[in-house]
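J.: the sequence and its predicted three-dimensional model are supplied below.
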Amino acid sequence: SQKEIATPTRTKAILEAYGFKVKKSLGQNFLIEPNVLRNIVEAAGITGESGVIEIGPGIGALTEQSAKVAERVLAYEIDQRLLPILQDTLSDYPHVEVCHGDVLKADVHRDVERVFKKGQDLAVIANLPYYVTTPIMMKLLEEELPVRVMVMMMQKEVAERIAAVPGSKNYGSLSIAVQYYAEAETVFHVSKTVFVPQPNVDSAILRLTKRDKPPVEVIDEAYFFALIQGAFTQRRKTVLNNLSTYFKDRLTKAETAAILHSQDIDPVRRAETISIEEFARISDAFYMKTG
Ligand code: SAM
């Protein structure tokens, strides 16, 4: 039987056999360490009952490891040149379906309904292209797919920002945007040396466990997320200064300070110390005056 796709020798042989030249613009860095891939499958808690959605299968290294365990796999690959390769490398796994296209434009809900059983346990796994990590992750979260968990490789710094807690230097609007939908944790770090070609950045595996419902209730979600971005505009400035700039057409600085005080938020605090619960209170209080 053949070696696993992710072994360095097999990956090299596949790329050579097809004369495949990686496209940096598509974030093509292929993993060549089967153990890292097995760890991703394990971190996602995939079982023989699970359905798996993979973003960017490349030549099928991670797809193969999940297909060995899962009941069914649906993978989205944007690069047409990889389709014949995947058909070949994954020929032993008829329960894998590869969709050609940009996952950002795909109707994932429709595909999920077509491919998986109703109520089936679903996990997203990916070694994400670094250039579109955040848009892809936010699309999958905001569309509220019936997914239990998402385990994704990304640039280490981005994973740390997503999983950050209030009071830490990495905590910001991205942490809150993601943690609104899921519990976030960095599972492990991955060395540059296990990719071909080697990327310039270090990587980490992030696990997002979807919440049944958001940790806070707000009057208007879009207003809440926009206010948070406003509060973090200049990290060194106080929440009062950032929000009075953000609300400058609607409120005076004194009014902004008064609203913060009304919610027991000291206006000289920085946004990076403010929890999601506090932001929810702040957002609703401003909404009542401006929304
Ligand atoms: N899963 C493979 C692995 O671990 O070796 C490949 C990972 S590589 C970092 C990212 C893959 O995502 C590439 O195959 C690339 O062509 C694909 N890709 C990039 N942008 C995409 C998009 N918008 N939608 C779907 N796939 C995309």
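T.: The structure has been received and is ready for your questions.
J.: C-alpha from now on. contacts and neighbour counts both.
T.: Noted.
J.: so how many other residues sit close to Val268?
T.: Neighbours of Val268 under the rule other C-alpha atoms under 10 Å: 12.
J.: what does Cys99 give?
T.: Neighbours around Cys99, by other C-alpha under 10 Å: 17.
J.: so Gln112, which of the three states?
T.: Careful, residue 112 is Val; it's not Gln. Reducing the assignment at Val112 to three states with DSSP: H, G, I helix; E, B strand; the rest coil gives helix.
J.: separation between it and Ala222?
T.: Noted for Val112: a distance of 26 Å to Ala222, by C-alpha to C-alpha, to the nearest Å.
J.: and Thr89, what is it in contact with?
T.: Ile5, Ile59, Gly60 (C-alpha atoms under 8 Å, 6 or more residues apart in numbering).
J.: buried subset of these as a ChimeraX selection?
T.: Buried subset of the contacts of Thr89, written as a ChimeraX selection, criterion 16 or more other C-alpha atoms under 10 Å:
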select :5,59,60
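J.: tabulate the contacts of Thr89 (TSV), appending pLDDT and distance to Glu42.
T.: Listed next are those as TSV, based on pLDDT from 0 to 100; distance: C-alpha to C-alpha, whole Å:
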residue	pLDDT	distance to Glu42
Ile5	97	18
Ile59	98	20
Gly60	98	17
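J.: more crowded one of Val112 and Ala222?
T.: Val112 (20 against 9).
J.: next one: that one, what pLDDT does it get?
T.: pLDDT, Val112: 98.
J.: and Tyr18, its phi and psi?
T.: phi -100, psi 0 (degrees, to the nearest 10).
J.: which residues touch the closest residue to it other than its chain neighbours?
T.: Of all residues not flanking Tyr18 in the chain, Ile85 sits nearest, at 7.5 Å (C-alpha to C-alpha, 6 or more residues apart in numbering). Applying C-alpha under 8 Å, 6+ apart to Ile85 gives the contacts Ile14, Tyr18, Ile59.
J.: how about the last one, secondary structure?
T.: Three-state assignment for Ile59 (three-state DSSP): coil.
J.: distance of the spatially closest residue to it that is not a sequence neighbour relative to Gln263?
T.: Distance criterion C-alpha to C-alpha, 6+ apart; nearest residue to Ile59, sequence neighbours excluded, is Leu86 at 5.6 Å. Counting by C-alpha to C-alpha, the gap between Leu86 and Gln263 amounts to 55 Å.
J.: which other helices and strands does the lengthiest helix in the chain contact?
T.: Ranked by residue count and defined by DSSP state H, the top helix of the chain is helix 276-290. Contacts defined by 3 or more C-alpha pairs under 8 Å, 6 or more residues apart in numbering; DSSP states H and E place helix 276-290 against helix 221-231, helix 253-262.
J.: that helix vs helix 221-231, what angle?
T.: Counting by axes from the mean of the first three to the mean of the last three C-alpha atoms, to 10 degrees, helix 276-290 lies at 100 degrees to helix 221-231.
J.: in the stretch 1-150 of the chain, which spans are strands?
T.: Remark: strands assigned in the stretch 1-150 of the chain by DSSP state E, counting those that start in this stretch are 30-31, 51-55, 72-77, 96-100, 122-127, 149-155.
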